[in-house]
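>>> I would like the atomic coordinates for the input below:
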Amino acid sequence: MRKLLFIAVLLPILVGMGWWYFREQSLADYSPAFREYAYVSNGKSNTVSVIDLRTFALAKTLRVGSEPTGLATNSKRNEIYVVNTGSSNVSVIDAESNTVVATIGVHGRPYYLDVSADGKRAYVANSGSSNLSVIDLDRRTVIGNVRVGLSPGLARVSPDGSTVVVSNRGDNTVSLVDAKVLRVRATLPVCQQPEDIAILPDSTKAFVSCSGSSQVASIQLQSPGHNEDRVLAFLDVGHTPVSLAMKPDGGEMIVCNFDADSISIVETANDEVGSSLEIGQHPARGVVTLDNSRLYVSNFGSNSVAVYDIDMGRRIATLAVGSHPESLALTPDQNYLLVVDTESGDVTIIQKRTPHRTLETSEYSLLTMIPVGVQPNAIVVKTFMAQLPKK
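Prediction:
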């Protein structure tokens, strides 16, 4: 009887102590004007889900165009842009009110959009019409359509705003567009099925992954120190390189090799593949922390995220998430990793923290999973101070 009484009294105390010992860090005490949202495009629902990252709850679901895919934020204004592949247009979301405030028509079958650093222009590669639409974001109108190569999948603008790099899957070329005069400056033959694009922070070099030939093309961009655009090298990586993740300092770039279950580390200064290692089944996307120390990779085939320590040069953790994870995003404070699970239709929120106690063996824990729409594709995070009404 005494043992039963002892257990009945002691067990709740132990459970309470365990909860306190392993509890998550408390949420920050935000200013009333502080806003932090994640936006997720749902390709089969024709919607965008808005997640409030102050409370980690679904705040709103917005109706957009048909088959939304790519998303982009504007660093100079509180706007989000949604590329609607099926309806060939771009939806503009006002982040202050989380409403769709404009729809801008482009050309056939766009998938992605990139915004210039000054927030004034957006560039959309139209795969179905083989051209590039240039959008004036102040006037919310298309100011030009530039003919590029066949079936362009992606366009990225250089950090200095001078060059738009377009990967043309249909004819294995890259178009380099002069952003000032809106004219193709050069068309360069590259490797097979060029897809993702990464550009160095100083705008001197671009890299293009070629999924069809297991290579990455290194391209010199015309700049004050370089008189011409030209292909510098073809780097052999793993089978089916699908995405590129540049370190913020530009010193290294990580290639996700989908069918090799590996990543390749490229040294950008000398165009050398420094190392390759297994990371998980079908790695799809990668994101690097602002301090250049950690890489997170979504493993599409094994329903997990790999954590790679860049300084140590090895994988240090594998985190279980939802079904078929793909797109990733970090909150600006780098404390939360957001993972889009394309098959299960949700977003996994992973918290990173500094263990303070002996029994806390991991820096990472699953905070929550938030249901969104059907076949979510992309995710972006927008943080800002709202314009509160005057009292």
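
>>> the stretch 251-391 of the chain: strands as residue ranges?
With DSSP state E, counting those that start in this stretch, the ranges of strands along the stretch 251-391 of the chain come out as 252-257, 262-267, 272-278, 283-288, 294-299, 304-309, 314-320, 325-330, 336-341, 346-352, 364-371, 376-385.

>>> look at R353 and report its pLDDT.
As predicted, R353 sits at a pLDDT of 85.

>>> no wait, R77
pLDDT at R77 comes out at 97.

>>> isn't it right up against K120?
No. Counting by Cβ atoms under 8 Å, K120 is not a contact partner of R77; they are 9.7 Å apart. In this view, the C-beta of every residue, glycine as well, is placed from N, C-alpha and C.

>>> coming back round to it: as a markdown table, the strands of the stretch 251-391 of the chain with mean neighbour count and distance to L188 would be great.
Listed next are these as a markdown table, based on neighbours: other Cβ atoms under 10 Å; distance: least, Cβ to Cβ, whole Å:
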| stretch | mean neighbour count | distance to L188 |
| --- | --- | --- |
| strand 252-257 | 24 | 19 |
| strand 262-267 | 22 | 19 |
| strand 272-278 | 14 | 21 |
| strand 283-288 | 23 | 25 |
| strand 294-299 | 25 | 29 |
| strand 304-309 | 21 | 31 |
| strand 314-320 | 14 | 35 |
| strand 325-330 | 23 | 28 |
| strand 336-341 | 24 | 32 |
| strand 346-352 | 22 | 38 |
| strand 364-371 | 15 | 41 |
| strand 376-385 | 19 | 27 |
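
>>> relative to D202, which of those is closest?
strand 252-257 (13.8 Å; Cβ to Cβ).

>>> who touches the closest one?
198, 207, 209, 214, 216, 237-247, 263-268, 274, 276, 279, 283-286, 288, 295, 297, 310 (Cβ atoms under 8 Å, 6 or more residues apart in numbering).

>>> rerun that using 7 Å as the cut-off
Residues from elsewhere that reach strand 252-257 (Cβ atoms under 7 Å, 6 or more residues apart in numbering): 198, 207, 209, 216, 237-247, 263-268, 283-286, 295, 297.

>>> over to stretch 153-172?
111-112, 114, 116-118, 123-125, 127, 132, 148-152, 174-180, 189-197, 199, 201, 203, 206, 208, 221.

>>> between the strands of the stretch 251-391 of the chain, which gets nearest to Y37?
strand 376-385 (5.4 Å).

>>> neighbouring strands - and their directions - for the closest one?
Paired strands of strand 376-385, with direction, are strand 34-42 (antiparallel) (DSSP bridges).

>>> list the neighbouring strands of the next helix or strand after the strand it pairs with plus their orientation.
With elements assigned by DSSP states H and E, the helix or strand that comes after strand 34-42 is strand 47-52. Strands that pair with strand 47-52, judged by DSSP bridges, come out as strand 34-42 (antiparallel), strand 57-63 (antiparallel).

>>> and strand 47-52 with strand 346-352, angle?
Direction vectors for strand 47-52 and strand 346-352, defined by axes from the mean of the first three to the mean of the last three Cα atoms, to 10 degrees, enclose an angle of 30 degrees.
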